[in-house]
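>>> below are the sequence and a predicted model for it; my questions follow.
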Amino acid sequence: MRTRSWRRAQRERAIARARRKLRSQGWFTEPYTRWTDAEGEVYIRKAAVTPHPCSSYCCGNPRRWFKQVTRQEQAALIDQREQLD
């Protein structure tokens, strides 16, 4: 069973990873320096907890947004048509 200290260490590790990722992407350079340290820390901690917060059409599931069928469904439809012919 994991202890509280292990969970805290994992959380701090995730925060450090999010901080490194955001810095490497340039989030704390010139146009974003208007953030105070507290505002930047809030964004870092949110990024650590939710690494993929976006679910819009460009990031989400194409089946949900564009009603595309999967390859498995395409193969099943082809098999079904072949059996009917």
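Good, I have the coordinates.

>>> what about Trp35, neighbour count?
Trp35 has 13 neighbours, counted by other C-beta atoms under 10 Å. C-beta here means a position set from N, CA and C on the backbone, and glycine is covered the same way.

>>> got it, and Tyr43?
Neighbours of Tyr43 using other C-beta under 10 Å come to 16.

>>> how near is it to Arg8?
To Arg8, Tyr43 is 21 Å away according to C-beta to C-beta, to the nearest Å.

>>> give me the pLDDT for Glu41.
In this prediction, Glu41 carries a pLDDT score of 88.

>>> right, and the helix or strand after the helix or strand containing Leu22?
Per DSSP states H and E, Leu22 falls inside helix 4-24. From helix 4-24 onward toward the C-terminus, using DSSP H and E, the following helix or strand is helix 37-49.

>>> hey, which helix or strand in the protein has the poorest pLDDT?
Across the helices and strands of the chain, the lowest-confidence element by mean pLDDT, DSSP states H and E is helix 62-66, at a mean of 81.

>>> that helix packs against which elements?
Helix 62-66 sits against no helix or strand, with contacts defined as 3 or more C-beta pairs under 8 Å, 6 or more residues apart in numbering; DSSP states H and E.

>>> residues making contact with it?
57, 68-70 (C-beta atoms under 8 Å, 6 or more residues apart in numbering).
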